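*Asks:* take this sequence and fold it.
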Amino acid sequence: HYLLFEGLVERTMAKCGITYYSVVKTFKGAEIEHTKFKHPVYERESLAVLADYVTTEDGTGVVHTAPGHGRDDFYTGKKYGLPILCPVNERGILTEEAGEFAGVFYAKCDTVVVERLRELGHLLHVEDYQHSYPHAERDGHPVIFRATEQWFIGMDLPFHLDSSKTLRLRMLEEVDRVKWFPESGYKRFRGMIEGRPDWCISRQRPWGVGIPVFYGATSGEPVLDPVAIEAVAKLIEGNGSDAWYSATPEEILPHGYTHPTTGETEFRKEVDVFDVWFDSGSTWACVLEGNVEPRWKDYIPCDLYLEGSDQHRGWFNVSMIIGTALTGGAPYSQVLTHGMVAAADGQKMSKRLGNAIDPVEVCDTYGADVLRLWVSSVDFTDDMTCSDDILKAAGEHYRRIRNTLRFLLGNLYDYDGYDGELLEVDQWAIDSVLKLASTCLTAYKNYDFTTVFRRIHEFCDREMSSFYLDAIKDRMYCDGKDWPTRRSGQKACHEVLVRLTKLIYPILMHTAEETYERIPATKRMQSIHLESLSIEIDGFSTERFADLLDREQRFDMMLDFRKKIATAIEEWKSGAGIKDTQDVSVELHGTDADVKTLQSFGSDIAVYFRVASIELHEGVPRIELSKSTFEKCERSRVRRADVEQTQWNGSTVPLSARDRRALGIG
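*Replies:* Numbers count the residues shown, from 1 in each chain. The predicted structure is shown next:
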């Protein structure tokens, strides 16, 4: 009689060449649990056990159980009280426990054992079978699973700082306390802590940090005594970690030391070393104990752990275990994970594939700040594509920001402060950078660098370059040096420049430093990186906020009309033979509300729209364009109604009233 899984009867019989057979009985596997069978080779009994990890796709549905050679089998053996037999030594040679097979190299067992079964008449069929099996990363050879004595950190033992909890439960409380970026990291990490097994911290390797444990020479009982461990710590502190291997137990332990449990006076050392992840998980203690930087002493937990998402099961995980076990809490307050950099074709960059971009070469070609700007522009929580074309685009974005800083700085060459009243457009510029700062600081706190990059670039391109810097250009170049109108513009440029420079320094660190050193009329520190990032809003009363919102809405509406007029002029000017928008007169018809809002900007509206003049009328919305009949000022190159022919330096030239005043004429 043969015992096998019902669904594999036909396949098994066919493979064994058995044509004539009948099923004499069908029953549930649970009915033969704990039944004893005779071993096919040894004179011993084998126990029938149940396991849910046995597959039913191939074989017979009945498999051997080796508690000493596999995780699943180990726990099954523990459940049924089976001996943890491990008849293979660390060299892969079968030991005396293997009986007649002692001395055989494990890889030859496939042949030797099969032949022995054939001799005994217990072999029905044999065939080669290809399946997935773990191989070592270093040499590519198959991994031998062996049950050996190891050192563990128990996840579900009573927590020594609070016996009402286990270490696992305490860690789960810490997972809830820590902030995770992105938020998806929280669920992923929590699930790993909920399901992780005890951590085996010992390794059988000829190199590494030794585990500071002694054993009684006769009893083999480990010494778990603070006195002994402190003796090892002093040895390592004075002579380095290799001293553990060269010194004898007698040289390490205090004179006359006896085993706390057995009273023995002779000892042997542990030969296993720590799992390298134990080193990684302990870095917080080394860094924050004060030896690296005295100011950091006892600054636990640290602000942030930053690494790739694969470290949820690595560095973040083991740091949480050691930190919680030693201090009662995680060694970090926040954890940020990122993806990997991929080439243009989507493949992850690696030295092996030869598709990696060298950051040093990028810095030499484009500058370090361009590389940093690219990093801030991508969603780092996912894998990121990088190529030469992408870096070139980042370079263009960088130049937009840098040129804005240069223009603002250029307007301040003779600025030493201004306490007078600001023109409305200048106040709008300051309000805009304060709004930008508020957005960026919130994004920085959430490590949302993409939002910081996007808003700063938009601010430099849209609010500054496309409007404000163009709108004040005439005033900055042509007004009198100390006129309030010019100083008002300088005040705004200064305020915008200071705040914008502070906002970019976490990303464009070199550009920010270069700019910071040149900003006049400000109390500078030794470096901008010693400055604090703050919005610096003072006196924002309810009325002040109401005024700010009203101004913002009015300017948004005005800028919308500015865009419409610019589009209309662009379509019209080529047919009219006009190249410069300063040669255009505009008649704008709109609703009563629109006209009143635009009229509130006064005569500056023509400056904002970059045209010679603009007339506002209530009526059906439309834009009418014509060539201006005003003369063009020789000095400021604008057409205005007050331009007159004026004697200056022996010549007759057309000058506007503002330019005549600036030159001291009339």
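*Asks:* could you use CA atoms for every contact and neighbour count after this?
*Replies:* OK.
*Asks:* low-confidence stretches in this structure?
*Replies:* 535-546, 666 (pLDDT under 70).
*Asks:* pull the longest helix from it.
*Replies:* Counting residues, the longest helix found in the chain (DSSP state H) is helix 542-576.
*Asks:* name the helices or strands packed onto that helix?
*Replies:* Using 3 or more CA pairs under 8 Å, 6 or more residues apart in numbering; DSSP states H and E as the contact test, the elements touching helix 542-576 are helix 424-445, helix 592-599, helix 604-609, strand 622-627.
*Asks:* okay, now the sheet partners of the last one, with direction.
*Replies:* I take that to be strand 622-627. strand 584-590 (antiparallel) (DSSP bridges).
*Asks:* go through the partner strand and flag the buried ones.
*Replies:* 584-586, 588-590 (16 or more other CA atoms under 10 Å).
*Asks:* am I right that F37 is in a helix?
*Replies:* No. Under DSSP: H, G, I helix; E, B strand; the rest coil, F37 falls outside any helix and is assigned strand.
*Asks:* renumber starting at 425 from here on
*Replies:* Will do, 425 is the new start, and the previous item becomes F461.
*Asks:* quick check: it vs I508, distance?
*Replies:* Separation of F461 from I508 (CA to CA, to the nearest Å): 18 Å.
*Asks:* ok, back up a step: buried stuff in the longest helix of the chain?
*Replies:* 972, 975-976, 978-979, 982-983, 985-986, 989, 993, 997.
*Asks:* just want the angle from it to helix 848-869.
*Replies:* Per axes from the mean of the first three to the mean of the last three CA atoms, to 10 degrees, the angle that helix 966-1000 makes with helix 848-869 is 110 degrees.
*Asks:* how far away from the center of its chain is helix 966-1000?
*Replies:* Distance of helix 966-1000 from the chain centroid (CA atoms, centre = their mean, to the nearest Å) equals 39 Å.
*Asks:* show me the contacts for Y610.
*Replies:* Residues near Y610 by CA atoms under 8 Å, 6 or more residues apart in numbering: 599-600, 603-604.
*Asks:* my bad, should have said Q735
*Replies:* N741.
*Asks:* ditto for the one 5 residues further on
*Replies:* Taking CA under 8 Å, 6+ apart as the definition of contact, the neighbours of F740 are 705, 729, 759.
*Asks:* measure it to D855 for me?
*Replies:* Applying CA to CA, the value for F740 to D855 is 42 Å.
*Asks:* same question, C510
*Replies:* For C510, the distance to D855 (CA to CA) stands at 75 Å.
*Asks:* try N779
*Replies:* Distance of N779 to D855, computed by CA to CA: 46 Å.
*Asks:* comparing those two, which shows the higher neighbour count?
*Replies:* For N779 versus D855, the count of surrounding residues by other CA atoms under 10 Å is larger for D855: 20 against 16.
*Asks:* now the angle from the longest helix of the chain to helix 1016-1023?
*Replies:* Going by the same axes, to 10 degrees, helix 966-1000 makes 90 degrees with helix 1016-1023.
*Asks:* one step back: ok, F461 and I508, which is more surrounded?
*Replies:* Using other CA under 10 Å as the criterion, F461 and I508 rank with I508 on top: 18 against 11.
*Asks:* check contacts around the more buried one.
*Replies:* 490-492, 498, 501, 571 are the contacts of I508 under CA under 8 Å, 6+ apart.
*Asks:* give me the distance between the two termini of stretch 454-470.
*Replies:* Distance between the two ends of stretch 454-470: 16 Å, counting by CA to CA.
*Asks:* what do you get for stretch 579-596?
*Replies:* 11 Å.
*Asks:* cool, and stretch 662-676?
*Replies:* From its first residue to its last, stretch 662-676 covers 12 Å (CA to CA).
*Asks:* so which residues make contact with it?
*Replies:* 633-634, 636, 638, 655-656, 659-660, 690-693.
*Asks:* again, but for stretch 1067-1076
*Replies:* Contacts of stretch 1067-1076 (CA under 8 Å, 6+ apart): 1054-1057, 1077-1081, 1089.
*Asks:* could you export that stretch as CSV, CA atoms only?
*Replies:* C-alpha atoms of stretch 1067-1076 as CSV (Å, rounded to 0.1, in the frame of the first residue of the first chain):
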residue,chain,number,x,y,z
VAL,A,1067,7.1,114.2,-24.5
GLU,A,1068,8.4,117.6,-25.7
GLN,A,1069,11.3,118.8,-27.8
THR,A,1070,13.9,120.0,-25.4
GLN,A,1071,17.3,121.7,-25.6
TRP,A,1072,19.9,119.5,-23.9
ASN,A,1073,23.7,119.6,-24.3
GLY,A,1074,23.4,121.8,-27.3
SER,A,1075,20.9,119.5,-29.1
THR,A,1076,17.1,119.5,-29.5
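*Asks:* what residues sit buried inside it?
*Replies:* By neighbour count on 16+ other CA under 10 Å, the buried set for stretch 1067-1076 is 1067-1068, 1070.
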